[in-house]
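# need a structure here:
(4 chains)
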Number of protein chains: 2
Amino acid sequence: MTSNKDTGASSDLETRLIEQDHHSIKLWLRLLTCSSLIERKLRTALREEFDTTLPRFDFLAQLDRVPEGLSMGELSNRMMVSGGNVSGIAGQLVKEGLISRRAVPENRRTFIVKLSPKGRRFFQKMAVRHEQWVISLLGELSMEDVNRAMGLLGKVKVTLEQN
Amino acid sequence: MTSNKDTGASSDLETRLIEQDHHSIKLWLRLLTCSSLIERKLRTALREEFDTTLPRFDFLAQLDRVPEGLSMGELSNRMMVSGGNVSGIAGQLVKEGLISRRAVPENRRTFIVKLSPKGRRFFQKMAVRHEQWVISLLGELSMEDVNRAMGLLGKVKVTLEQN
DNA sequence: CCCAGATATTTTAGATATAAAATATCATTC
DNA sequence: GAATGATATTTTATATCTAAAATATCTGGG
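A predicted model of the protein is given here:
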């Protein structure tokens, strides 16, 4: 369907606009397909190898980057999920001893969650495998293509954040 | 894995491999960020304007492309979700009169779901708005960038489907 | 100090998601 | 044609996820 590098004179403005419209939808669908495929593989692998889930891994991964811990709200922003969701997962991880959760004296509305030593050890093991899985999924791509894709998705991200 | 022609002299092989590894992870995270952002906007808009959800929209969208209908299994494949999930959503859409669901005489294990006239009208209205939303989200990108991104994500998709 | 609004989190209700077990049907082999 | 395994779907149990209401705390103007 009407592919590409047509800088030429064969299409008028209206045609080009319509083409771009369709391509926008297709780009969105392809984006969704790619992330769904990766997500599924990672979820399956996490379950099989560590008997855990992607949201829990993501939760621990966010905390691993910030040794001093994060508030529930900050975590909710970073994970791009609702606050209620973070509350639920945090409760489980606390019960499993992977994170600590304590109130802050200065502002008693906020709660800080932080990796426990056990949680850190567990995450480290997962992180190694996680990286291997992603590399095995995307490693066939050349570094040039990865960089180009990063650049273009960076533009997409900026565009999205403006709206 | 790790193909690619070296362009710069500044890094040895090992460094380049590690760089690519990190870039693979970053690409995956950026991919996830982009689709999450789009998904959230579409979900919110669908709820506000049509009081429905993304999975239901997706379900109807798949059926809209195939007037003769699809089996539950085929639908599960296309939507990239589990069969049980499709069963649940189908049940609701049947109850709402948006789709029909009937057994096939030749193979009584399979059920074919199909858009009802009401469902088709409802989907058409949503599809128009859905396209507008996606365009408003991605329309700032040049057609060249959209095409380039499509091409690269196409490669990603092929790579993923091989594994 | 008091109180209205803002902020941070949890709780609730309901939809969506998976995996795995259960059902039902087909298809093949003996 | 009965037994066996494959296929198609649903059911079940549980985990996520959202939106919205509820709770608790802070903040600033009067």
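# Kindly check the end-to-end length of stretch A:108-120 for me.
Stretch A:108-120 has an end-to-end distance of 26 Å (criterion: CA to CA, to the nearest Å).
# show me where chain A has helices.
For chain A, the helices defined by DSSP state H occupy A:13-50, A:54-64, A:72-79, A:83-95, A:117-138, A:143-162.
# Let me know which of these is the nearest to B:Val86.
helix A:13-50 (14.8 Å; CB to CB). From N, CA and C alone the C-beta is placed, and that goes for glycine too.
# mind checking how far the closest one is from the chain centre?
13 Å (CA atoms, centre = their mean, to the nearest Å).
# list the buried ones in that helix?
Neighbour-count burial for helix A:13-50 flags A:19-21, A:23-24, A:26-28, A:30-35, A:37-39, A:41-42, A:45-46, A:50 (criterion: 16 or more other CB atoms under 10 Å in any protein chain shown).
# and if you look at stretch A:138-150?
In stretch A:138-150, counting by 16+ other CB under 10 Å, buried: A:Leu138, A:Gly139, A:Glu140, A:Leu141, A:Met143, A:Asp145, A:Val146, A:Asn147, A:Arg148, A:Ala149.
# Out of those, the closest to DNA strand D would be?
Set against DNA strand D, the nearest of the buried residues of stretch A:138-150 by CB to the nearest atom of the strand is A:Leu138 (21.2 Å).
# ok now do the closest one, which residues does it touch?
A:Val146, B:Ser24, B:Leu27, B:Trp28, B:Val156, B:Thr159 (CB atoms under 8 Å, 6 or more residues apart in numbering or on different chains).
# A:Leu31 and DNA strand D: what is the separation?
17 Å (CB to the nearest atom of the strand, to the nearest Å).
# In chain A, which residue sits closest to chain B?
A:Gly139 (3.4 Å; CB to the nearest CB).
# doesn't B:Ile25 make contact with that residue?
No - A:Gly139 is beyond contact range of B:Ile25, at 11.0 Å (criterion: CB atoms under 8 Å).
# and chain A, which of its residues are near DNA strand C?
When proximity is defined as CB under 7 Å from any atom of the strand, chain A approaches DNA strand C at A:40, A:43-44, A:47, A:71-74, A:76, A:83-84, A:86-88, A:90-91, A:101, A:107, A:109-111.
# so which of these also contact DNA strand D?
A:Gly83, A:Gly84, A:Gly88, A:Asn107, A:Arg109.
# will you turn those residues into CSV that also has neighbour count and pLDDT?
Putting these into CSV (neighbours: other CB atoms under 10 Å in any protein chain shown; pLDDT from 0 to 100) gives the following:
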residue, neighbour count, pLDDT
A:Gly83, 12, 95
A:Gly84, 9, 96
A:Gly88, 13, 96
A:Asn107, 9, 93
A:Arg109, 9, 94
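# okay if I get the residues you listed as CSV plus distance to B:Gln62?
Listed next are those as CSV, based on distance: CB to CB, whole Å:
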residue, distance to B:Gln62
A:Gly83, 32
A:Gly84, 30
A:Gly88, 31
A:Asn107, 48
A:Arg109, 44
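# ok, which pair from the residues you listed is furthest apart?
A:Gly88 and A:Asn107 (22.4 Å).
# separation between the residue lying closest to A:Lys125 once chain neighbours are set aside and B:Arg56?
Setting aside the residues directly before and after it, A:Lys125 is nearest to A:Phe50 in space (CB to CB, 6 or more residues apart in numbering or on different chains), at 7.6 Å. Distance of A:Phe50 to B:Arg56, given as CB to CB, to the nearest Å: 33 Å.
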